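# pasting the sequence and the predicted coordinates here, then a few questions.
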Amino acid sequence: MKLGLQLGYWGAQPPAGTGELVDAAEAAGFDAIFAAESWGSDAFTPLAWWGARTESVQLGTSVAQLSARTPTNCAMHALTLDHLSGGRAILGLGVSGPQVVEGWYGQPFAKPLARTREYVDIVRQVLVREAPVTSAGPHYPLPVDGTGMGKPLKPITHPLRADLPIWLGAEGPKNVALAAEIADGWLAIYYSPRLAPMYNGWLDEGFARPGARRSRADFEVAATCQVVLTDDRAATIARLKPTIALYVGGMGAPELNFHAQVYNRMGYDHEVAEIGKLYQSGRKDEAAAMVPDEMVAETMIIGNADYVREEVKRWEDAGVTMLLVSADTPDRVHELGALLMG
């Protein structure tokens with residue numbers, strides 16, 4: 001099992017001690033570090049800043065939001081980071097949700113699958129640098145019909161790798177299938193090994209499409225997963241319930257919350273509905289209390305060393321090739337590395 005350190009996105013202030021966590025991840029043999037973005041810190045700058053301390057770990061966005069940048073600008077970010085790191089960049093992309101896309105970026109959210117396909121095509125045109133970049137649209141037309149003076153261009157800087165890996169953050173069946181068709185990996189959140197047959201069916205649909213870029217043999221499935229080594233499993237599960245309540249009840253519009261849909265597919269329809277009602281009415285503590293233990297335990301690995309090893313093996317057998325874990329101290333990073341990678 002490969003390991004990635006998930007740095008996430010910042011809260012009200014930059015987190016302290018991140019450089020030391022990154023140092024520890026590289027020393028412990030982690031394969032990659034990842035940074036995220038929501039509507040505060042961005043995903044690329046932390047990787048450039050803290051990645052400069054490293055020599056071997058891959059540097060991935062998990063995820064860079066499509067609406068934050070035009071596809072050509074995103075490709076510029078990726079090729080620049082790839083050069084600075086000596087070919088270690090992973091471009092993780094995601095559509096986010098309508099609240100962020102329309103409320104923060106001022107972009108329409110409609111047709112996320114078509115937008116993703118068009119976006120990735122343009123990014124790949126930039127990276128291969130075989131011809132001036134063009135796109136018929138309709139979402140990202142290049143050149144745009146404006147003054148009539150727009151000119152198709154090739155990037156001035158020659159990208160280091162034409163095949164820089166692109167991974168897609170995806171939660172629903174159509175988006176996961178799209179990842180298998182056009183991307184090099186799937187960034188999964190709230191993955192449940194119990195549902196592996198369902199996920200594999202979605203992936204197989206994408207792999208079977210004409211022109212699919214990868215097969216299961218060379219496709220990464222990177223699942224974000226809280227891995228907590230503890231002898232007090234019950235207390236840890238209770239501590240993590242507010243996080244589940246936030247994502248299920250507060251990270252998305254009541255009419256369209258992709259995280260809630262993930263748990264609905266696991267069979268927690270009733271609990272999801274109640275959590276959403278409580279959270280939206282400001283009763284966050286009650287929403288957290290409504291989260292059953294199983295909702296936490298199904299998508300996270302929490303327990304003693306033997307239990308954690310068994311669960312990681314179960315996730316690997318289900319098709320996960322990399323776990324994206326978080327840690328609050330360098331010692332915890334080394335502990336996870338020693339436990340999960342031997």
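Sure thing, it's come through.
# quick one: the strands in the stretch 51-200 of the chain?
Secondary structure of the stretch 51-200 of the chain (DSSP state E, counting those that start in this stretch): strands at 58-61, 64-65, 89-94, 166-169, 185-189.
# how far does stretch 295-305 sit from its chain's centre?
In terms of C-alpha atoms, centre = their mean, to the nearest Å, the centre of stretch 295-305 is found 20 Å from the chain centre.
# that one: end-to-end distance?
Start and end residues of stretch 295-305 are separated by 21 Å (C-alpha to C-alpha, to the nearest Å).
# give me the spatial nearest neighbour of the residue sitting nearest the centre point of the chain, chain neighbours excluded.
Residue closest to the mean C-alpha point of the chain, counted by C-alpha atoms, centre = their mean, is S62 at 3.6 Å. Nearest residue to S62, sequence neighbours excluded (C-beta to C-beta, 6 or more residues apart in numbering): F34, at 3.8 Å. For every residue, glycine as well, the C-beta is placed using N, CA and C.
# where in the stretch 151-300 of the chain is pLDDT low?
For the stretch 151-300 of the chain, applying pLDDT under 70 flags the ranges 252-255.
# give me the neighbour count for the residue nearest to S62.
When neighbours are counted by other C-beta atoms under 10 Å, F34 registers 28.
# and P173, how far is that from A180?
Separation of P173 from A180 (C-beta to C-beta, to the nearest Å) stands at 11 Å.
# what about the two, which has more around it?
Neighbours were tallied for P173 and for A180 using other C-beta under 10 Å; the higher tally belongs to A180 (27 against 16).
# measure that one to A16 for me?
A180 is 39 Å from A16, by C-beta to C-beta.
# then D218?
Per C-beta to C-beta, D218 is found 38 Å from A16.
# quick check, I33 in a strand?
Yes: remark: I33 belongs to a strand, assigned using DSSP: H, G, I helix; E, B strand; the rest coil.
# residues contacting it?
Listed by C-beta atoms under 8 Å, 6 or more residues apart in numbering, the contact set of I33 reads 4-5, 7, 22, 25, 47, 50-51, 54, 57-60.
# ok, now L240?
Q226, V228, V296, M300, I302.
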